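*Asks:* got a predicted structure here, sequence first:
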Amino acid sequence: MVLATAVNEHLANISNYLIYSAMAVYLLAMLAHCFEWTFGSRGAVARRSAEQGGSLAEAAAAAARPAGARKVTVTVASAGGGTTTLTRTALAGEGAAVVTSGRGGDEADGPGAAGTDEQADLLGRMAVSLTVLGALVHFGGVLTRGLSVTRWPWGNMYEFSCALALTAVLAYLGLLAAGRKVRWLGLPVVLSALLTLGLAVTVLYTDSEQLVPALHSYWLAIHVSAAIVCGGAFYAAFVATALYLLKDAYEKRAAAGKDGGPLGVAPSVWRRLPAAGTLDKLAYRINAVIFPLWTFTIIAGAIWAEKAWGRYWEWDPKETWSFITWVAYAAYLHARATAGWKGRKAAYLALLAFACFLFNYYGVNIFVTGKHSYAGVG
């Protein structure tokens, strides 16, 4: 049995100040990332000009080729799903032939947000430093919130949202620390953290207080912690999926010789992102890795429900939509592994699954009455 303790108002106020301070630092990081993408376009334009210059030089070399020379290119499918290009250049009357081969068919990953511009790279590193500072302040806000009531700091929607945003930022920083070239994720991650915290402090905020008796259990740390990790991962997969759809649309436009990019965004921005295939694989791997944890989250919740209410499952709105979300992600993973459903079709299922997750969190907690109505808003 857990005995409720008095609320430490001083620590609760410190937590509020730290959360607002973290938002201010995240805002600076977001602006730095925006400038990184803006200045990075200069390097992308310069590189594009160099590529065009190389194409002109190749055309001039072709014009200087001896009369009678002909170039034959054959593209064949390879076992790995890509293509192999065979190029044969024959000189008439000499019987000479040169055959070269190379892998093709897949777009190369872009250079990242900064492109090749040094000033943009400096801004990107400043943005990462600010994100680290914001995460430290953010962690302090979550920690002091928990200390103010001597419990795990995710007993309502406000606390859950603060912890969810922190988890997403820490996951991003962890990938950077592991040497992954994912700085292009910085802008959407910091932006999402800002939006989540902004919604938390304006709409979802509740004073620091003790929990209802049903929540006084060690399952709070197990069940809700797993849900927070899943939420951060699902968001990262959503970003990768949305960018995959947009980058795929850009690559198709570029292959057709059309100018411009999706949503009216400059082509230099799309060229700096990873290839569509890379984004698709990233989204799939995140969802595939986190799906078992989401399954465990539902099972842990059922066990907790039996201890708190005497039944494992009652089709409470939260339970129902958690199961619907599970089915949606299971359908996506199955479709992703099925021939004919890879690519955009499976990506649309991933977006639908994430929409189910969002409704399960915001919609059910705020607008639907049930045993999980602990939002403290309404």
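*Replies:* Okay, I see it.

*Asks:* any idea which helix or strand carries the residue nearest to residue 223 when sequence neighbours are not counted?
*Replies:* Distances taken as C-beta to C-beta, 6 or more residues apart in numbering place residue 300 nearest to residue 223, at 4.3 Å, with adjacent residues excluded. To be clear about C-beta, it is placed using only N, CA and C from the backbone, and glycine gets the same treatment. Using DSSP states H and E, residue 300 falls within helix 276-309.

*Asks:* what is the mean pLDDT for that helix?
*Replies:* Computed over helix 276-309, the mean pLDDT rounds to 92.

*Asks:* quick one: list the elements packing against that helix.
*Replies:* helix 219, helix 225-255, helix 317-336, helix 344-358 (3 or more C-beta pairs under 8 Å, 6 or more residues apart in numbering; DSSP states H and E).

*Asks:* quick one, which of the ones you listed is nearest to residue 118?
*Replies:* Counting by C-beta to C-beta, residue 118 lies closest to helix 225-255 out of the helices and strands packed on helix 276-309; the figure is 25.3 Å.

*Asks:* what's the following helix or strand past that closest one in contact with?
*Replies:* Going down the chain from helix 225-255, the next helix or strand is helix 267-271, by DSSP H and E. Residues outside helix 267-271 that contact it (C-beta atoms under 8 Å, 6 or more residues apart in numbering) are 37, 40-41, 44-45, 48, 110, 115, 246-247, 250, 254, 259-262.

*Asks:* of the residues you listed - the most surrounded one?
*Replies:* For the contacts of helix 267-271, the largest number of neighbours (other C-beta atoms under 10 Å) sits with residue 40, at 27 neighbours.

*Asks:* residue contacts, it?
*Replies:* Contacts of residue 40 (C-beta under 8 Å, 6+ apart): 112, 113, 114, 115, 117, 120, 124, 268, 272.

*Asks:* now do the contacts for the first one.
*Replies:* With C-beta under 8 Å, 6+ apart as the criterion, the residues that contact residue 112 are 40, 124, 181, 183, 184, 272.

*Asks:* about what we covered before: let me know which of the helices and strands packed on helix 276-309 is the nearest to residue 148.
*Replies:* Comparing the helices and strands packed on helix 276-309 by C-beta to C-beta, helix 225-255 comes nearest, at 18.9 Å.

*Asks:* same question for that closest one: list its buried residues.
*Replies:* Across helix 225-255, burial judged by 16 or more other C-beta atoms under 10 Å covers 225-251, 253-254.

*Asks:* which two among the contacts of residue 40 are spaced furthest apart?
*Replies:* Largest pairwise distance in the contacts of residue 40, by C-beta to C-beta, is 15.5 Å, between 124 and 268.

*Asks:* the more surrounded of the two?
*Replies:* residue 124 (25 against 19).

*Asks:* tell me the secondary structure at the more buried one.
*Replies:* Under DSSP: H, G, I helix; E, B strand; the rest coil, residue 124 falls in the helix class.

*Asks:* how is the residue nearest to it when sequence neighbours are not counted assigned, secondary-structure-wise?
*Replies:* Using C-beta to C-beta, 6+ apart and skipping residues adjacent in sequence, the residue nearest residue 124 is residue 36, 4.2 Å away. Secondary structure for residue 36, judged by three-state DSSP, is helix.
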